[in-house]
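Undergrad: Quick one, structure for this:
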Amino acid sequence: MKTRAFRGLMRKEWLLSKNTFIFLTCFKLFIWAVVLGGCLLTNNYEFLFIATTMIVGIHVIYITMMVGSGLSIEEKSQMWLHNPRSINMILGSKILTGMILQLISLLVAFLLLGITVIFFRSSIEHFLTVGSIIQMSVQLTFSGLELAIFYTFYWTVYHSMGKFYYLAKFKVVLFTLFIIASFTLILLIEKQLLAGLHSILPVPIEMTQFMNVYIEEDGLSIQSGAEKISLAGILISSIKIMVLYFLSSLLLNKVVEVK
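TA: Numbering: from 1, shown residues only. Model prediction:
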C-alpha cells in the first residue's frame, strides 16, 4: 500500500516538475546547437567542447532546481496540508524524482558530449569510458543531492519562522544569521569528525576526476585523471544528508501555512 502511495506521489512530482524538466532539456539542447552552429561557421570547435563540458558540470545543481521548483509550487498551493501522506514520504518523493530526472538529463548531456567527441575526432575521446561516465554521474548526483538537501532544510527553516509573529518581523536578518551560524557549526563538527574517522577509515576510493579544459597558446588542452576520495568524507556527507533531511521533515510537519 505504501509503495503504491509513494509511486502516486512520484507521479504527482513528475506532473509538477515536467515543465521545468522539459524547459531545461530544451534550453540545454538550444545552447549546444547555437555553439555548434558558431563552431561550424568559424571552423573552430574548441568552444563546443568547453560548452558541452559545462553542460555536464552544471548538473551539480540540477536536483536543487527540480526540488526547488516543486517546493515553490507547494508553497503557492499548500498541497501538503491536504495530503494524508507523511512529510517524510512527500519530501522523499521530491528528492527521488529530482535524482531520476537528473540522471536522465545527464544521459542526454553525455550523449551530446559523445557526439561532440566522436564527430570531431577529438583527442579527449579516450577519456570517455563507460566507467568514467558512471563515476562522474555518481559524483555529480551525490553532490547535487547534498545541495538539494541543504536547500530544502533552509527553505523549511525560513518558512517556519513565519509562524512566529515576532520572528516574522526580522525573518530575513535572522535567517541570514542562522545560515552563517549553522554553516560554521557544520564545518566545525565536520572537521572534528573527519579527524576522528580518518584513523578508523583510512582507505581512500579512487574516482575519475572530471575533465578540466584549458585554453593554451597552441589550442585546447583537456586533461583528466584520478582523485582520491576518503571513506570518512563519504560517510560524513551521508550523515549530513540524513540529519538535514530528518530536520527538514520535522520542521515542515510543524508548518501550518507558508508565509
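
Undergrad: Going by C-alpha atoms from here, please, whenever you check contacts or count neighbours.
TA: Noted.

Undergrad: Surely Ile61 touches Gly144?
TA: Yes. Using CA atoms under 8 Å, Ile61 is in contact with Gly144, at 5.4 Å.

Undergrad: more crowded one of these two?
TA: More neighbours surround Gly144 than the other of Ile61 and Gly144, with 23 against 18 (other CA atoms under 10 Å).

Undergrad: Excluding chain neighbours, what is closest to the more buried one?
TA: Nearest non-adjacent residue to Gly144, counting by CA to CA, 6 or more residues apart in numbering: Val60, 4.6 Å away.

Undergrad: Check the gap between the one you found and Gln102 for me.
TA: 9 Å (CA to CA, to the nearest Å).

Undergrad: for this protein, which spans come out with low pLDDT?
TA: By pLDDT under 70, the low-scoring segments of the chain are 1-2, 77-85, 120-129, 165, 168, 195-233, 254-259.

Undergrad: Can you show me the strands along it?
TA: Counting by DSSP state E, the chain has strands at residues 204-208, 212-216, 219-223, 226-230.

Undergrad: list the contacts for the residue nearest to Gly144?
TA: Val60 is in contact with 140-141, 143-144, counting by CA atoms under 8 Å, 6 or more residues apart in numbering.

Undergrad: swap the cut-off to 10 Å and go again
TA: Going by CA atoms under 10 Å, 6 or more residues apart in numbering, Val60 touches 102, 137, 139-148.

Undergrad: Ser105 contacts Val56, correct?
TA: Yes. Ser105 is within contact range of Val56, at 9.0 Å (criterion: CA atoms under 10 Å).

Undergrad: Can you work out which residues contact both of the two?
TA: Counting by CA under 10 Å, 6+ apart, the residues touching both Ser105 and Val56 are Lys28.

Undergrad: any common contacting residues for Val60 and Gln102?
TA: In contact with both Val60 and Gln102: 137, 140-141, 144, using CA under 10 Å, 6+ apart.

Undergrad: quick one: which of these is nearest Phe246?
TA: Lowest distance from Phe246 to the shared contacts of Val60 and Gln102 (CA to CA) belongs to Gly144, with 17.8 Å.

Undergrad: tally of neighbours for Glu75?
TA: Taking other CA under 10 Å as the definition, Glu75 ends up with a neighbour count of 15.

Undergrad: just Ile87 next, same as before
TA: Neighbours of Ile87 (other CA under 10 Å): 19.

Undergrad: show me what contacts the nearest residue to it once chain neighbours are set aside?
TA: Once flanking residues are discounted, Ile87 sits nearest to Ser249: 5.7 Å by CA to CA, 6+ apart. Applying CA under 10 Å, 6+ apart, we find Ser249 in contact with 86-92, 152-153, 156, 243.

Undergrad: Also Leu96?
TA: Neighbouring residues of Leu96 by CA under 10 Å, 6+ apart: 10, 13, 63, 67, 102, 145.

Undergrad: Sort out for me which of these are in helices.
TA: 10, 13, 63, 67, 102, 145 (DSSP state H).
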